[in-house]
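*Asks:* coords below, sequence missing:
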DNA sequence: TGCGATAAGTTCAGGCATCAAACTTATTGG
DNA sequence: CCAATAAGTTTGATGCCTGAACTTATCGCA
């Protein structure tokens, strides 16, 4: 934990720059006067800050606004579509994905490629990642930051990957390595794949500010959002739910414990129990009404329900979002999962837990990573502005 | 959620005042120069801020410091013992308690009185509370704020009590009512009793920045501290653990669900199962090795273990603090509770959960309430300073 | 006793970001 | 064409921090 920093006039401008930018992002097309009214700053201050940000290419002026009554028309302000873009990369267990988003969070390009990252050394994978980033950065848009999603425990402040069981990685300085390998001089942010998917859901999905996002791929990850902010937990360990023991007398798990959620409701287990070779085949069988497949998914749903009810009870979360593979399986998970939650969640009687499938699908994590990179600029634009104008 | 406020020079001073005060609180006896070095502010700034705070009575100068080498000796600074005090009140189910602390958090006076608050209307109880506060405030020290601990769900920002099942209260505007009834012109802060006890443990106990504090009185409450800050959760509902369902097929609870922790491990249930009339008798029987009493406590410990392992798994908390009645029962709870945690907590294998009894005992909540009041001044001294100097 | 070195604390000019208010510019409606 | 209205700019004042010079206090050594 670092000591708090002293504040000076510069800090004030920093704070207010973020405030102004946030107002513009929230209500695109506002005039300077509207932003002033919204933020509580004076028109003079807003003008000065906006001019700086236009100079740095974060904000652009649009057409003069229409107006019904008398008076001069305001000039519309919005986040510049040619401003810095965020580049997201996801290091999956068996693929690499990238995603390019503009300041408003809109996806401008994406790219996915299979890659067995379990079989390669971290150094080799990171070289591939660097090359993927360079390829994606070849678009003629400026890159303002890179976000990296990894399936493991991340020490967020340092950008170092502590442990990724499903990759077989341990203590890899992802930020340091990538910063070194990229010739781009931009910040590299590293985050847990489940947390970034949850943030994508918060920013681009249709759920409110409090929810638990659970995604099943090779592993099971949960991202908890409370009050519109990611709950990082102790040492960035926000809601590692995969190895929650849901059946203390259940089968042994690779982690050493027994009856872990991942062991009972993970994608691998569902596929195995259904007797299929992959998720696509599983979905085909389910659609065809195959009994074995249905049973396998319903069993997973019940274990998921046990784990989720604990989290929901403890945190009083109103909503659960199913992401990743679970989003695709949602129609078959729905009923047993809901039954379990209704039975176990205390507050279910007067306000049932809402369970929704993510609308973002498999791209949630990369998109979250990319958006995190631009959000970092929006949340504290002044260093960026200063660096561009200097 | 309120929009963020614009910043101005005043905000800077506010921030830095808190920074300086924090440095003095953290290292009492520091000189202005030491504070400057520690905070990163210049000596000039520190001098100016310190002088203001001395003027307002928050900081006092001590003796000149001893020094080994050459050079002028610094004047020791510390929080003023005659500065504003925090007054805590706890509205228990069957008692009222008050506690007066100075700026450093040291207890200067306390007072407890039985009072069956279940049987009285909120208005009558709040009148008693107001009179207790007035009595406690009769000491000749200035009161800087009042903290109120209540056994129920509190909407912290508004200071309103949403629901207190064990008091039979619902939607009581505690802050508004008390502010009106007290002639003191100081802020009144209202908080959940379990959360305030957890904060007391954080500030005055001997545990680090991450833990779960669980206290058993009439109800069971948990306060979760992550990264040295209280985790408030959704709508101030931080870790309401009492009605976590630990045995879905267990006995019906007053709340409508079944097998709630409170129903299986609450003080009332332990006392009933042990066949005694109260906790004091229970302790006597336990000390005498009474079999029924021991069995009752061990059973409660196991259910507690189930509930706590869920929370600990999800939040990756390293420590559990037993407060309230559980602190007194700790010797008998210890073994079965630990067994359950070791069995259910995933990370227990490489870092076992530490379970400790609170050293603060029954006074934790009042003390937390009182300290919250002074902490509010220390965390943002400028409004107080300005009001005193004006 | 006196002097140089060292460190604490104060004073003061300078800089910077905000604010309030006056001012300029653009637009509508009569 | 002008009054009314609103957007956006200019200007001077204010407040707070900074850096550097300055004053004060103390030690060690001759």
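*Replies:* Cool, the structure landed. Computed from a prediction, not measured in an experiment: that's the story for all the values here. Residues are numbered from 1 along each chain as shown, chains lettered A, B, ... in the order given.
*Asks:* give me the number of residues near residue A:357?
*Replies:* 17 (other Cβ atoms under 10 Å in any protein chain shown). (C-beta placed from N, C-alpha, C; glycine too.)
*Asks:* and the closest residue to DNA strand D within chain A, how far is that from residue B:260?
*Replies:* Per Cβ to the nearest atom of the strand, residue A:71 is where chain A lies closest to DNA strand D, at 2.3 Å. Distance, residue A:71 to residue B:260, by Cβ to Cβ, to the nearest Å: 62 Å.
*Asks:* Over to residue A:33?
*Replies:* Residue A:33 is 55 Å from residue B:260, by Cβ to Cβ.
*Asks:* same deal with residue A:342?
*Replies:* Distance of residue A:342 to residue B:260, computed by Cβ to Cβ: 16 Å.
*Asks:* again, but for residue A:27
*Replies:* 45 Å.
*Asks:* higher neighbour count, those two?
*Replies:* Between residue A:27 and residue B:260, counted using other Cβ under 10 Å, residue B:260 has the larger neighbour count: 28 against 13.
*Asks:* Isn't that one up against residue B:245?
*Replies:* Yes. Here residue B:260 reaches residue B:245: they are 6.0 Å apart, a contact under Cβ atoms under 8 Å.
*Asks:* what is in contact with these two at once?
*Replies:* Both residue B:260 and residue B:245 are contacted by residue A:346, under the criterion Cβ atoms under 8 Å, 6 or more residues apart in numbering or on different chains.
*Asks:* The lowest-mean-pLDDT helix or strand in chain A: what's the following helix or strand?
*Replies:* Within chain A, no helix or strand scores below strand A:153-155, which has a mean of 87 by mean pLDDT, DSSP states H and E. The element immediately downstream of strand A:153-155 (helix or strand, assigned by DSSP states H and E) is strand A:160-164.
*Asks:* what about whichever helix or strand comes after that following strand, distance to the chain center?
*Replies:* Sequence order places strand A:169-172 as the next helix or strand after strand A:160-164, per DSSP H and E. Relative to its parent chain, strand A:169-172 has a centroid offset of 21 Å by Cα atoms, centre = their mean, to the nearest Å.
*Asks:* who does strand A:169-172 pair up with?
*Replies:* Here strand A:169-172 is paired, per DSSP bridges, with strand A:160-164 (antiparallel).
*Asks:* Just the buried positions in the strand it pairs with, please.
*Replies:* Buried residues in strand A:160-164, counted by 16 or more other Cβ atoms under 10 Å in any protein chain shown: A:160, A:161, A:162, A:164.
*Asks:* Quick check: the farthest pair among those residues?
*Replies:* A:160 and A:164 (11.4 Å; Cβ to Cβ).
*Asks:* Could you tell me which residues touch both of these two?
*Replies:* residue A:172.
*Asks:* Residue numbers of the stretch 51-200 of chain A in contact with DNA strand D?
*Replies:* Contact residues, the stretch 51-200 of chain A versus DNA strand D (Cβ under 7 Å from any atom of the strand): A:51, A:69, A:70, A:71, A:72, A:73, A:74, A:75.
*Asks:* try it again with 10 Å
*Replies:* A:51, A:54, A:61-62, A:64-65, A:67-77 (Cβ under 10 Å from any atom of the strand).
*Asks:* Narrow the residues you listed to those in helices?
*Replies:* A:51, A:54 (DSSP state H).
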